[in-house]
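okay, predicted coordinates and the sequence, questions at the end:
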Amino acid sequence: MMGQPESKSGLSAIYRNNLVKSAWLVALVLLLATLCLLSISVGTRQVPWQDVFTAVQGQINSVDQAAVAMRIPRTVLSVIAGSALGLAGAVMQGVTRNPLADPGILGVNIGASLAVVIGLAWFGMSVAYAYVWTAILGAGLTAVFVYTIGSMGRGGATPLKLALAGAATSVALSSFTIAVVLPRNDIAGGVRSWQIGGVGGATFDTIQLVLPFLAVGFVISLLSSRKLNTLALGDDLAVGLGEKVALARGMAGLGAILLCGATTAACGPIGFVGLVVPHLCRLLVGVDHRWLLPFSALSGASLLLLADVAGRLLARPSELEVGVVTAFIGAPFFIWIVRRQRVREL
């Protein structure tokens, strides 16, 4: 009888906690909807709201409405790519138990980029689906390579070793990409522009091309939430609870690789979204991946949309690619995480 009030208060606390998280979730959805409206109305040409709503309904009768029609696929791609990168970052941090894990920092995006460049320069790749498959293959091989290198030596795959292995791999692959592109003036301009990372050339054809791969990646990643919670307890305890650690890591990693590869094929390598977003979401909902993963997807979409809109406003009448803006945001954040975690403790 003495334990009954305590159990009721515990359930009440859980209910309040879930209520707060649900409120944050609604707020994120509203923020994302607001940013979508800003994305299709703000740019080099300011469009009145009346023309925005007219263009959304499919009626194109003016230059302003035509501008909105061009921004709609850009906005859709920003939402999809941002959510994919945010979710992939959260999954990678869960799989590696590494607060510095990110598709960019671990070299996964660069590996996908290099694979596409090699396909273009050496094999004359021209089929649309080949870009996506090649990017996913490059992302997967790079992820396996970095994890293998980071696992060598005493202590296994520590966060610091993984971060260093990823950074070294990124530099090496970036240099190799430049070496592949330099002799090929016919593709150099397009490749350099694509490597910055952006959503400016978005079309619905591009979105339809990568959507099936992203959908599978989203499903696998979100279904891995419980397994990531178990992995967070440590390998020994996870095995004791009946978890197949290698299989759990492999499935979650596959979801992240599909998300990274398909996004890189569509937008180029965009960095730091997967690093910044999960850390901010943990401040809102804690470390439970059942909440963290959907929050990271929504927050990633919001961040990339915000970066895209900011890039258009800061460099009028031109624009900054979204990859440049996210680097400005992410680099100081990365330094702050390293200082906060204290490198010797990673």
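Nice, thanks for sending it over.

give me the low-pLDDT residue ranges for the chain?
By pLDDT under 70, the low-scoring segments of the chain are 1-11, 49, 51, 55-65, 155-157, 159, 338, 340-346.

residues in contact with residue 13?
If you count contacts by CB atoms under 8 Å, 6 or more residues apart in numbering, residue 13 has none. Just so you know, the C-beta spots here come from the backbone N, C-alpha and C atoms, and that holds for glycine as well.

and it, how close does it get to residue 283?
Distance from residue 13 to residue 283, counting by CB to CB, to the nearest Å: 19 Å.

now swap in residue 302 and tell me
Counting by CB to CB - residue 302 and residue 283 are separated by 15 Å.

and these two? Which one has more around it.
Applying other CB atoms under 10 Å to residue 302 and residue 283 shows that residue 302 carries more neighbours, namely 24 against 7.

wait, isn't that one in contact with residue 35?
Yes - judged on CB atoms under 8 Å, residue 302 makes contact with residue 35 at a distance of 5.7 Å.

which helix is the longest one in the chain?
In terms of residue count, the longest helix belonging to the chain (DSSP state H) is helix 3-41.

which of the residues in it are buried?
Using 16 or more other CB atoms under 10 Å as the burial criterion, the residues of helix 3-41 that qualify are 21, 24, 25, 28, 31, 32, 35, 36, 38, 39, 40, 41.

stretch 181-199 now?
Judged by neighbour count (16+ other CB under 10 Å), stretch 181-199 contains these buried residues: 181, 191, 194, 195, 196, 197, 198, 199.

need the max-distance pair from these.
Put simply, by CB to CB the two of the buried residues of stretch 181-199 set farthest apart are 181 and 199, 21.7 Å from each other.

right, and residue 327 touches residue 272 too?
Yes - between residue 327 and residue 272 there is a contact at 6.2 Å, judged by CB under 8 Å.

more neighbours: which of the two?
Neighbour count, other CB under 10 Å: between residue 327 and residue 272, residue 272 has more, with 26 against 18.

distance check, the nearest residue to the more buried one once chain neighbours are set aside against residue 339.
In space, and not counting its chain neighbours, residue 272 is closest to residue 330: 2.3 Å by CB to CB, 6 or more residues apart in numbering. Residue 330 is 15 Å from residue 339, where distance means CB to CB.

go on, residue 180?
From residue 180 over to residue 339 (counting by CB to CB), the distance is 36 Å.

with residue 14 instead?
Distance, residue 14 to residue 339, by CB to CB: 34 Å.

likewise for residue 225?
Residue 225 sits 30 Å away from residue 339, taking CB to CB as the criterion.

of these two, who's got more company?
More crowded of residue 225 and residue 339, by other CB under 10 Å: residue 225, with 19 against 9.

quick one, what contacts the spatially closest residue to the more buried one that is not a sequence neighbour?
Spatial nearest neighbour of residue 225, chain neighbours left out: residue 289 (4.1 Å); criterion: CB to CB, 6+ apart. Counting by CB under 8 Å, 6+ apart, residue 289 touches 90, 94, 224, 225, 226, 228, 229, 232.

isn't the first one up against residue 279?
No - under the criterion of CB under 8 Å, residue 90 is not in contact with residue 279, lying 9.5 Å apart.

sec struct for residue 105, please.
Here residue 105 is recorded as coil under DSSP: H, G, I helix; E, B strand; the rest coil.

my bad, residue 317
Residue 317 is classified as coil under three-state DSSP.

and it, what does it touch?
Residue 317 sits next to residue 44 when contact means CB under 8 Å, 6+ apart.
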